[in-house]
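In: need coordinates for the below:
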Amino acid sequence: MEVRSAAPRLPGFVLGVAISVISVLAAHATAAHADPDTQDLDTLFGGLGSHQVVQTAATVACPGPGALSGENMVVPRRCQGTFPFGSGSPVGVQYYYPADIDQVGKAPAIVFSPGILTDPGFYDAMLRQWASYGFVVAVSFDYLNTLSEMQFVGLAGLKERDLDPASPLAGRIDFGRIVLAGQSAGGGSALLAANIAPWFHAIDPTFRVVGSLAMQPGPLAATNFVPTPTLIIQNGRDSVVPAGSWVDWYQYPALGAAPAFVATRKAVTHTDVENALLALNAEHSLAVADVNGGKAYAVAGPILAKWGELGWEHSTLGYPTSNEYQLSTGGFAVPLIGYFGDTPGRWSKFQHGVIYWSAGTGAHPVSGGIYDSWSRAGFESGAYGYPVGDEYPTPDGGVAQHFQRGTLTAAG
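Out: A predicted model of the protein is given here:
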């Protein structure tokens, strides 16, 4: 896979994506904390997540020979029975969401539009995968799926269910974290809608678009006014949206107001969507643009959860300034194979501190004077070990924090 990125001028959230290589963009001052070989997001999120999935339309084998799986072959596909693959209406909205949505809290939303002349069931594996990582997914379709209104139809459907007391989604959708997505014609509709993302709050003050994902977008989509972090996917064997055509000619070059990426999957055709399991997960993985440098960094798992608990980029930590690092305390690493010995911990660096995690201690931030003392003592490999709790105030106006083998204090 080839990945290119435009230098962004605005901070914001970037899509968490299944890209096979992630650049390590920052290093710690000590040799023990040098950049490791990071695990790619395709490895982390290529399979299903931890949530069982509910969908509002049954998906069955398509009648007849099915739809084109590649430009040179026909194989059976999965369908939801929309015309002409069945007697169902070719216009509508279907939903995928975690079965334990009542325990997830506010779930981020993806509004997805399919390709032209497709059935939503073609994308079933990908949509189920997204929902399995904690997303509520609305699939809006009208058989052409070309213009921006498809995204608004999906958003309207989500809002209706969020307000319906009888719906399992009532009060469960986080409209402050919306991703606009689509494939082929639907990818174009996502880009078109993203152009007016700043005005979504005029429709509903709770709406905030945090990213756009366009897989093989159609040629009608202009991107000149897209302010949201954006990923465009091309396929190397695509004869419908050829790699190197309008995505490179005008769509990607015009994305200058926000973090923007274009990735080419070299051996994939236009219709091979079931292998495009791109996990977008604000609960388990997210990439974030540093407010100063405009670079994207991956934050994941318990460290992401702790950062969210603290208030995301509005917390005292600020934005991330590194990818997540893996640590080994007493073990050793073999390149391309893994760690042997003690189970490694993980850490991420932020503008004003760090978050460290291990299986035995959980995720905890360390910052300020306590961070300075802990670093001089050798971090997690030194006298104090990993943090076992968050910082707390002391009666004398200072702060303190417990570690595995002691407590550190600092003046307020």
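
In: so which helix or strand takes in Ile232?
Out: Ile232 belongs to strand 230-235 when elements are defined using DSSP states H and E.

In: neighbouring strands - and their directions - for that strand?
Out: In its sheet, strand 230-235 lies beside strand 209-215 (parallel), strand 260-265 (parallel), with partners assigned from DSSP bridges.

In: contacts for it, please.
Out: Outside of strand 230-235, the residues within contact range by CB atoms under 8 Å, 6 or more residues apart in numbering are 14-15, 17, 187, 191, 194, 211-217, 223, 241, 243-244, 247, 251-252, 255, 258-265, 268-270, 272, 276, 278. (Glycine included, C-beta is placed from N, CA and C.)

In: quick revisit: and Pro84, which of the strands paired with strand 230-235 is closest to it?
Out: With CB to CB, the closest approach to Pro84 among the strands paired with strand 230-235 belongs to strand 209-215: 23.2 Å.

In: what's the spacing between the closest one and its chain's center?
Out: Offset of strand 209-215 from its chain centre (CA atoms, centre = their mean, to the nearest Å): 10 Å.

In: before we move on, what about stretch 356-375?
Out: Relative to its parent chain, stretch 356-375 has a centroid offset of 25 Å by CA atoms, centre = their mean.

In: tell me the buried residues in that stretch?
Out: Across stretch 356-375, burial judged by 16 or more other CB atoms under 10 Å covers 356-358, 361-368, 370-371, 374-375.

In: stretch 165-185 too?
Out: Residues of stretch 165-185 classed as buried by neighbour count (16+ other CB under 10 Å): 169, 172-175, 177-185.

In: what's the straight distance from one end of it to the other?
Out: This stretch, stretch 165-185, spans 34 Å end to end (CA to CA, to the nearest Å).

In: for stretch 305-322, same thing?
Out: Distance between the two ends of stretch 305-322: 16 Å, counting by CA to CA.

In: gap between it and the chain center?
Out: Counting by CA atoms, centre = their mean, stretch 305-322 comes out at 16 Å from the chain centroid.

In: quick check: which of the strands paired with strand 230-235 is nearest to Met150?
Out: Shortest distance between Met150 and these, using CB to CB, is found for strand 209-215: 12.7 Å.

In: need the pLDDT of the nearest residue to Glu380 once chain neighbours are set aside.
Out: Distances taken as CB to CB, 6 or more residues apart in numbering place Tyr386 nearest to Glu380, at 4.9 Å, with adjacent residues excluded. Per-residue pLDDT puts Tyr386 at 92.

In: residues touching Tyr386, list them.
Out: Taking CB under 8 Å, 6+ apart as the definition of contact, the neighbours of Tyr386 are Gly345, Tyr356, Ser358, Gly360, Thr361, His364, Glu380, Phe403, Gln404.

In: and the fourth one, how far from Glu309?
Out: Between Gly360 and Glu309 the computed distance is 19 Å (CB to CB, to the nearest Å).

In: circling back to that earlier point, nearest to Cys62, of the strands paired with strand 230-235?
Out: strand 209-215 (20.4 Å).

In: which parts of that closest one are buried?
Out: Of the residues in strand 209-215, those with enough neighbours to count as buried (16+ other CB under 10 Å) are Val209, Val210, Gly211, Ser212, Leu213, Ala214, Met215.

In: which element follows the longest strand seen in the chain toward the C-terminus?
Out: Selection of the longest strand in the chain by residue count, based on DSSP state E, yields strand 173-183. Elements were assigned by DSSP H and E; along the chain past strand 173-183, the next helix or strand is helix 185-194.

In: quick check: mean pLDDT across that next one?
Out: For helix 185-194, the mean pLDDT works out to 93.

In: could you give the angle of the strand holding Ile232 to strand 173-183?
Out: Here strand 230-235 runs at an angle of 30 degrees relative to strand 173-183 (axes from the mean of the first three to the mean of the last three CA atoms, to 10 degrees).

In: run the angle between strand 230-235 and helix 185-194 for me.
Out: Angular relation of strand 230-235 and helix 185-194 on a 0 to 180 degree scale: 160 degrees, by the same axes, to 10 degrees.

In: next one: strand 230-235 to chain centre, how far?
Out: Mean-position distance between strand 230-235 and its chain equals 14 Å (CA atoms, centre = their mean).

In: dump it to CSV, restricted to CA.
Out: What follows is strand 230-235, C-alpha atoms only, in CSV (Å, rounded to 0.1, in the frame of the first residue of the first chain):
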residue,chain,number,x,y,z
THR,A,230,-9.8,13.2,5.1
LEU,A,231,-8.6,9.8,3.8
ILE,A,232,-9.1,8.8,0.1
ILE,A,233,-8.6,5.2,-0.9
GLN,A,234,-7.6,4.2,-4.4
ASN,A,235,-7.3,0.6,-5.8
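
In: change the start of the numbering to 33 and stick with it
Out: Right, with 33 as the first residue, what we last looked at is strand 262-267.

In: average pLDDT for that strand?
Out: Confidence over strand 262-267, taken as the mean pLDDT, stands at 87.

In: give the next helix or strand downstream of it.
Out: The element immediately downstream of strand 262-267 (helix or strand, assigned by DSSP H and E) is helix 278.

In: any idea how far the longest strand of the chain is from the middle of the chain?
Out: On the basis of CA atoms, centre = their mean, strand 205-215 sits 10 Å off its chain's mean C-alpha point.

In: low pLDDT regions in the chain?
Out: Regions of the chain meeting the criterion pLDDT under 70 cover residues 33-79, 96-109, 289, 298-300, 303-330, 332, 360-376.

In: by contact count, what packs against the biggest helix by length in the chain?
Out: For the chain, the helix reaching the highest residue count under DSSP state H is reported as helix 181-195. In this structure, helix 181-195 makes packing contacts with strand 124-130, strand 139-145, strand 168-173, strand 205-215, helix 217-226, helix 232-235, judged by 3 or more CB pairs under 8 Å, 6 or more residues apart in numbering; DSSP states H and E.

In: again, 6 Å this time
Out: strand 139-145, strand 168-173, strand 205-215 (3 or more CB pairs under 6 Å, 6 or more residues apart in numbering; DSSP states H and E).
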